[in-house]
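In: Model the following, please.
(3 chains)
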Amino acid sequence: MPVARRETCDARVIAHVDMDCFYVQVEQRKQPNLRGLPTAVIQYNSYKGGALIAVSYEARRCGVKRSMRGDEAKEACPQIELVQVPVARGKADLNSYRNAGSEVVSVLSHKGRCERASIDEVYLDLTPAAETMLMETSPESMQDFEEEVLKSHVLGLEIEDGSDAKEEVRKWLCRSDASYQDKLLACGALIVSDLRMQVLKETEFTCSAGIAHNKMLAKLASAMNKPAQQTVVPQSSVEGLLASLPIKKMKHLGGKLGSSLQSDLGVNTVGDLLQFSEEKLQQWYGINTGTWLWNIARGISGEEVEGRLLPKSHGSGKTFPGPQALKTIDSVQHWLNQLCEELNERLYSDLDQNKRIAQTLTLHGRAYKTGDSDSLRKFPSKSCPLRYGTRKIQEDALILFQAGLRDFLGSYSFKFHGNKNSIWGVTSLSVSASKIMSIPSGTHSIAKYFGGQYPSIDIVIDEAVPSSPSGSENCTGMVPYDLQLPYPDYTEIKHSNACLDPQDPLNHLFTKVEGLTEESSFTSPSGSEDRVTHGEPHRVLPAKDLSHVSNISSLKAVGKKKRAGKMLHENCSIINIFNNYHNSRSSLEQKNVSNAHDVKISSLLGSQSADDSYSTCNEEIDTNKGGCSVGVPQGREAWSSYNIDEIDPSIIDELPPEIQEEFRTWLRPQKRPNVAKRGSSITHYFSPDKSR
DNA sequence: ACGGTTAATACT
DNA sequence: TAGTATTAA
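Out: Numbers count the residues shown, from 1 in each chain, chains lettered A, B, ... in the order given. Predicted structure coming up:
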C-alpha cells in the first residue's frame, strides 16, 4: 500500500532500471553475429510475417516500429534481421526471457531493496546505500568519476552550447553547496551507474535507468534517455518536468483514465492538474483516484519499493485469431492441454527453485457466438483450487472451460452442445496460477517433509519424485506430489477464524478428502452423480447444475468450518500442515520460523535444470540484511494462517526487524472506502497516497 | 476484429 | 470470494 509519509520527512533515493529492447538483447546474446544490426523479435511467422514484439534501436532508426508486422518491417528496413520467439508446444515460449530477466535481478538485488516490476524492469530503493555513501565516501571529496556516471543526464542542469556536458555533470555530482536531497541523488547516480556496468559485465545486457525521489519519477526518467543511459531527477526539476508532460505519458494515465481527464477537465499535461482541488478530483474520480491525481500533479508518490524478486502468478495463454478460432471441445481440450503442460512445468520450477506453491487455478477465455448480436459478450473467467500435476491441471482447466462455456452460451445453447457445427468460437485461452505462497525453508521447515525425511507426515505421494516433472511424461496421470488443496484447506487459509462445527454433517466429507481424491482422479469426465454441493459461499462453480461436469475432488470436498487452531490430521493438504505448524508455534518460536523463511538467491538463479532434488533443503539463514530476500511471501498472504485481529501488537517488537517491517506494512492504515464518482465511468485504481 | 502475451492491481 | 476491468510492457 502506498504510504507517502516519507515524502515530507526524508528523501528517498529510488531507481527504475529498464532493459533496452530486452528480447532483442537476449537473442543477440544468443547469436552475437546479430549485435549492432537492425534486429527485431517476432512471433508467429505465419500471418504477414509475424508480429514484432521487440525492436533494436538500430531498427528503430530505420523507422521500424513495434506495432508493425514482419513484412512491414522488411519494407521499412530491408536489412532487418527478424528472429523468432522460441516455440514450444505450439505456442510462444518466453522462458529464455524470463530467465534472462532473473539474471538481471540477481545482479541488481544485492544493492538495496529490489522489486521485479516486470520481466525486464526493476525498482530499487537505494536510500540506505546512498546515505551511507554520503557519509563515508561523499562524491564531494571524489577526484575522478567513472566515464559512465559522467554520461548521466541531470534534469534542469543547463548545458551551454560548446560547454562540456561531462564536465557539467561532474561539477553537479560533487557540488558542495547542493541540498541534502541532491547530494543523495548524486550518490544514487553513482550507485546506479555502477550497477548498470555490473549488469553489463555479468549479463552482457545494457539498460537505462532513472534516479529520483520516488518510483513515479524514477520510472519517468528511465525512459527519457535510452538506450544505455541514465537520468537523474532533482527535486527542483520536478515542477517544470510535469508542467509540460502530456498526461498520457504518465504511468496509469495512458488509457481510459487519461482520456477522461482530457475530456472531463480539459487537462493536457500533468501540470494542468494543479488547478484542481483535491476535493474536485475526488468528486470526479473517487476518493482514492482523486487523491492520487492530486499527488502526482505535485510529483508526490509514496509507493514503496516492494522487495519482491519473484512473480506473483504464472500464466500460459494463446490466441486463436479469426479463422483459427477453436470450434470444438476437442480442439479446446488439445490447446488447454498444451497450456497446462507449460504451466505445470513452470509451477514445478517455482517449487523446486523457490519453494513456492500456488493455490488457485484460473481459466480465461475469449469467444464469440455466431449469428448473435450479443456475440461480443465476455467469456467468464473461472477458477478453482489448484492441484499439482499436469494431468490434474488439465482436467480442472477443462472443467473450468466447460463451466465458462455454459455460462457464456446461456440457456438456449444446450441442444447444440458438442455439435460439430458449433455456434461458438474460442479466440483465446489462458490458464494461470496465482495466490503463490512461499514454503519456509529453514531448520524447522516443513520443506523438509518434501524431501521425504519425515515420511510419516501425511502428504500424499502418488509416485516417487522424478527429477524433472515436466508435463509430457506425466500423461499417465501419475504425478510426483499431490499438492492439491482440497476445499476446506483453501477456505481455511482465507478465513483463519472459521470454526469447525462438530455438528456439521459435511464433516465426514471433510475428513475423507484423500479418499475422494483417489477415486475422482481417474473418473471419466461425464456422468458422475456423486458430487456434493452446499450453500457455502466458497463454491468454485455456480451452484447450478454441475452434473455435466466431471468429478473434481476440490469441488467435491466442500466442508468448510473449522475451529481456529484445531486441525484435522486426516486432511492431507500441504497447506493444512503448514498452518498447523505455524499455529502450534509460540511467538518466540515464530521468530525462528520467520528468520528461516528466506531462500538463497543462488537457488533462484542457479542452473535452470529441474533436477535439483528437494532434499537439498538449506538451513541457511538469509544473510541479506537489506530486506532484499528471495522467496519471502509478501503482505497478508504470508501471514494468512494467523488471525490478524488476534495478534497482540506488543509481540511485534519481539520479532526480528524484517518481520516487524512486514507486520507494520500490513498494519498500516487501510485504504478509505471509495465513494461515488461523478461524471466518469472510469473505475478507480489508486490508493490514498497523500502526505500529511 | 491479427498488438500477443504476461502480469499486476483495484473494484465489486 | 470470485470475477471483471484497466493498464502496461
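
In: How about the residues of the stretch 201-350 of chain A by DNA strand B?
Out: For the stretch 201-350 of chain A, the contact set with DNA strand B under C-beta under 7 Å from any atom of the strand comprises A:286, A:288-289, A:306, A:311-319, A:321-324. C-beta: built from backbone N, CA, C; applies to glycine.

In: Of those, which belong to helices?
Out: Among these, the members falling in helices (DSSP state H) are A:288-289.

In: Would you write out the ChimeraX command that picks the buried residues out of the residues of the stretch 201-350 of chain A next to DNA strand B?
Out: The buried residues among those can be selected in ChimeraX (16 or more other C-beta atoms under 10 Å) with this line:
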select /A:286,288,289,306,311,314,315,316,317,318
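
In: Just the ones of the residues of the stretch 201-350 of chain A next to DNA strand B in strands?
Out: Those of these mapping onto strands are A:314-319, per DSSP state E.

In: I'd guessed residue A:190 sits against residue A:140; true?
Out: No: assessed by C-beta atoms under 8 Å, residue A:190 is found out of contact with residue A:140, at 11.7 Å.

In: show me where pLDDT drops low in chain A?
Out: A:1-9, A:371-377, A:411-421, A:441-692 (pLDDT under 70).

In: Show me how the record splits it into domains.
Out: A:5-16+A:97-237, A:22-91, A:244-306+A:636-692, A:314-556 (automatic domain parsing).

In: quick one: which helix or strand includes residue A:363?
Out: Per DSSP states H and E: residue A:363 is located in strand A:356-369.

In: what's the answer for residue A:114, then?
Out: Using DSSP H and E, residue A:114 sits within strand A:113-118.

In: Could you do residue A:383 as well?
Out: Counting by DSSP H and E, residue A:383 is part of strand A:382-385.

In: Is any residue of the next helix or strand after that strand near DNA strand B?
Out: Going down the chain from strand A:382-385, the next helix or strand is helix A:390-409, by DSSP H and E. No: applying C-beta under 7 Å from any atom of the strand, one finds helix A:390-409 separated from DNA strand B by no less than 13.5 Å.

In: Can you list the helices and strands that helix A:390-409 packs against?
Out: Contacts defined by 3 or more C-beta pairs under 8 Å, 6 or more residues apart in numbering; DSSP states H and E place helix A:390-409 against helix A:329-354, strand A:356-369, strand A:382-385, strand A:424-438.

In: Which other helices and strands does the last one contact?
Out: Read that as strand A:424-438. Looks like strand A:424-438 contacts strand A:314-319, helix A:329-354, strand A:356-369, helix A:390-409 (3+ C-beta pairs under 8 Å, 6+ apart).

In: What residues sit buried inside stretch A:296-312?
Out: A:296-311.

In: Next, count neighbours for residue A:330.
Out: A count of neighbours around residue A:330, defined by other C-beta atoms under 10 Å, yields 11.

In: and it, how far is that from residue A:422?
Out: 11 Å (C-beta to C-beta, to the nearest Å).

In: do the same with residue A:242
Out: 53 Å.

In: How about residue A:219?
Out: Residue A:219 sits 46 Å away from residue A:422, going by C-beta to C-beta.

In: if you skip the residues just before and after it, what's nearest to residue A:80?
Out: Excluding the flanking residues, the one nearest residue A:80 by C-beta to C-beta, 6 or more residues apart in numbering is residue A:38, at 4.6 Å.

In: likewise residue A:254?
Out: Nearest to residue A:254 is residue A:248, by C-beta to C-beta, 6+ apart, at 5.4 Å.

In: and the one you found, which of the three is it?
Out: helix (DSSP: H, G, I helix; E, B strand; the rest coil).

In: so what's it up against?
Out: A:254, A:258-259, A:262 (C-beta atoms under 8 Å, 6 or more residues apart in numbering).

In: Which among these count as buried?
Out: Buried subset of the contacts of residue A:248 (neighbour count, 16+ other C-beta under 10 Å): residue A:258.

In: from the contacts of residue A:248, which single one is nearest DNA strand B?
Out: Within the contacts of residue A:248, proximity to DNA strand B (C-beta to the nearest atom of the strand) peaks at residue A:254, which comes in at 10.3 Å.

In: In the stretch 351-500 of chain A, what residue lies closest to DNA strand B?
Out: Closest point on the stretch 351-500 of chain A to DNA strand B, by C-beta to the nearest atom of the strand, is residue A:430, at 5.4 Å.

In: and that residue, how many residues sit next to it?
Out: The burial count for residue A:430: 19, using other C-beta under 10 Å.

In: which residues touch the closest residue to it other than its chain neighbours?
Out: Nearest residue to residue A:430, sequence neighbours excluded (C-beta to C-beta, 6+ apart): residue A:317, at 2.7 Å. Taking C-beta under 8 Å, 6+ apart, we find residue A:317 in contact with A:339, A:364, A:428-432.

In: And residue A:272, by the same measure?
Out: Taking C-beta under 8 Å, 6+ apart as the test, what residue A:272 contacts is A:247, A:265-266.

In: before we move on, back to that, tell me the most buried of the helices and strands packed on strand A:424-438?
Out: Of those, the one with the most neighbours on average (mean count of other C-beta atoms under 10 Å) is helix A:390-409, at a mean of 23.

In: Just the angle for it relative to helix A:329-354, thanks.
Out: Going by axes from the mean of the first three to the mean of the last three C-alpha atoms, to 10 degrees, helix A:390-409 is angled at 130 degrees with respect to helix A:329-354.

In: I am finished for the moment; much appreciated.
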